[in-house]
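J.: sequence isn't available, so here's the structure alone:
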């Protein structure tokens, strides 16, 4: 793909920066079909034990609706007392359609709030039919849309933004909803949507520190430090008591050599609090590699005394003590291991994971017996990671072949496939892989894990086959298509262009996909006038994007208009030392086409031409 090194499944392929002042882009889809697809295919197995539900309900809206519900119940009660239940039914059906609609709305709201409560308690099996019933009664009820958006957002499901978009169109949308929608867009790197929603919030309530902090976090995610500091400072200036903003600003100061000490002092001041804010400040200080020895000692002491400190903080203490006294590493780790012989399963698993990531896999196997590992899923995961880290594949296969393994069948087959592959048993490797795929066929979450695991191992053909199947599932289609783009990134340009065409047809309002689609068509020198129009439109919507400027410039070059290509870079300052290579190549070709061959040559000094796509190489072949 055009963005350089192939990203991991969790990484974004976007590099756009800045803000849009347009209104939020709304992807209009068939609401009933989307809702049914989510409720039919969304399974409790999609939920990971370590992903707590994030409650973002708009309390003001809920309270207002509950007041309406109370009025409706009183109206129903008065009619029932006067007419009796049979007469009430007749009155509702024949004499009072408005009353009947009120009743349906009240019932839908009640069910939606019940569903939200189930979700808060992680009772997803009970929540789904409740929410489904609420949808059947009132598909446009904001409470129904809100709870579905919350569920899907908390589990990072691809369709979450669809429900937030519907809620944003509602008259009952609140600023809490807008902030939650922006969080979802940020989480999924939906640039235009996040920028538009956040810009709207800042314009709507510019003095609200929550909105300023959201803008600061989005600026940080887009790697624009000046904007990040601007919004973070404004958030703290507007409300110095808003601790999340104070912490965020302090963390930004840590990364600035001139402001580093100020950030340290601010975090230590916050760390004196015995609440969650103090704990967050301590965790941020732990991540600072530039603390002075006296500050490290102060941090260790406060981590020990904080009343909310848990196993992660105890591990941080261990890591800091090793940093302060590297010669005592062995003794410190032995003491920590001895202190956890009878630790709760969650704490033991966390400590074992830390040991695995710090080259201490052998110590994990000394700390955890096979019997104890088999008693708990989290401990078992750390145990088999240790075996794999020591390349003890035969032992790992023996453990996985047991009858009491605390793992789902597809995962057992997947890891057995890995073991056989490492031991050179190609037949067993393929057989277990096929078993893993077939047993996970009706579970999209497990299938997605298989694909991502294969991708991580570089088994791109296997990953592509599973991703291709998952594109047929409306819940996993988007993430599956993005996975296909990654694992097929070494294919020819036409293959990727055709894949992007499928994606653009499915999500016609997704600007990220459209940008890539335009670029690949221009590389192939096909449909140039149409692609030029699309590139100009995308650039008008978001002039901060280097990719959008590159598309306009490349389209103009294909149209033999180098002067217009050069204008695509007017009134902008770009650090070409850090720009992605495809965008750099297009800019160099533009510079060369406008008679500045020496400058073009200098721009390309660091570019590995052999790693470029053939079409990009052809674009600069005239530049020595």
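T.: Yep, that arrived. Remember, predicted model here, so these are calculated numbers, not experimental data.

J.: which of the helices or strands spans the closest residue to residue 536 other than its chain neighbours?
T.: Excluding the flanking residues, the one nearest residue 536 by C-beta to C-beta, 6 or more residues apart in numbering is residue 552, at 6.0 Å. C-beta here means a position set from N, CA and C on the backbone, and glycine is covered the same way. Using DSSP states H and E, residue 552 falls within helix 546-558.

J.: which residues does that helix contact?
T.: Here helix 546-558 makes contact (C-beta atoms under 8 Å, 6 or more residues apart in numbering) with 2, 15-17, 515, 518-519, 522-523, 525, 528, 531-532, 535-536, 538-539, 542-543, 562, 564-566, 568-569, 572, 574, 579-580, 582-583, 586-587, 589-590, 593, 619.

J.: skip ahead from it and say which helix or strand is next.
T.: Scanning onward from helix 546-558 (DSSP H and E), the first element met is helix 562-567.

J.: still on that earlier bit, quick check: pLDDT value at the residue nearest to residue 536.
T.: Model confidence at residue 552, given as pLDDT, is 97.

J.: circling back: among the contacts of helix 546-558, name the buried ones.
T.: Buried members of those, scored by 16 or more other C-beta atoms under 10 Å, are 2, 15-17, 515, 518-519, 522-523, 528, 531-532, 535-536, 538-539, 542, 562, 564-566, 568-569, 579-580, 582-583, 586-587, 589-590, 593, 619.

J.: what's near enough to touch the residue nearest to residue 423 when sequence neighbours are not counted?
T.: Using C-beta to C-beta, 6+ apart and skipping the chain neighbours, the partner closest in space to residue 423 is residue 393 (5.2 Å). Residue 393 makes contact with 387, 419, 422, 423, according to C-beta under 8 Å, 6+ apart.

J.: give me the three-state assignment for residue 258.
T.: coil (DSSP: H, G, I helix; E, B strand; the rest coil).

J.: burial count for it?
T.: Close neighbours of residue 258, defined as other C-beta atoms under 10 Å, add up to 7.

J.: roughly how far apart are the most centrally placed residue in the chain and residue 446?
T.: Taking C-alpha atoms, centre = their mean, the centroid of the chain lies closest to residue 187, which sits 3.8 Å from it. As for residue 187, its distance to residue 446 is 22 Å (criterion: C-beta to C-beta, to the nearest Å).

J.: hey, where'd the helices end up in the stretch 51-200 of the chain?
T.: 59-90, 97-120, 124-137, 142-154, 160-168, 175-187, 191-204 (DSSP state H, counting those that start in this stretch).

J.: same question for the stretch 351-500 of the chain.
T.: In the stretch 351-500 of the chain, the helices defined using DSSP H, counting those that start in this stretch lie at 361-367, 370-373, 377-389, 393-400, 409-422, 426-439, 444-456, 460-470, 477-487, 493-506.

J.: residue 110: which of those helices is closest?
T.: Closest to residue 110 of the helices of the stretch 351-500 of the chain is helix 444-456 (C-beta to C-beta; 30.2 Å).
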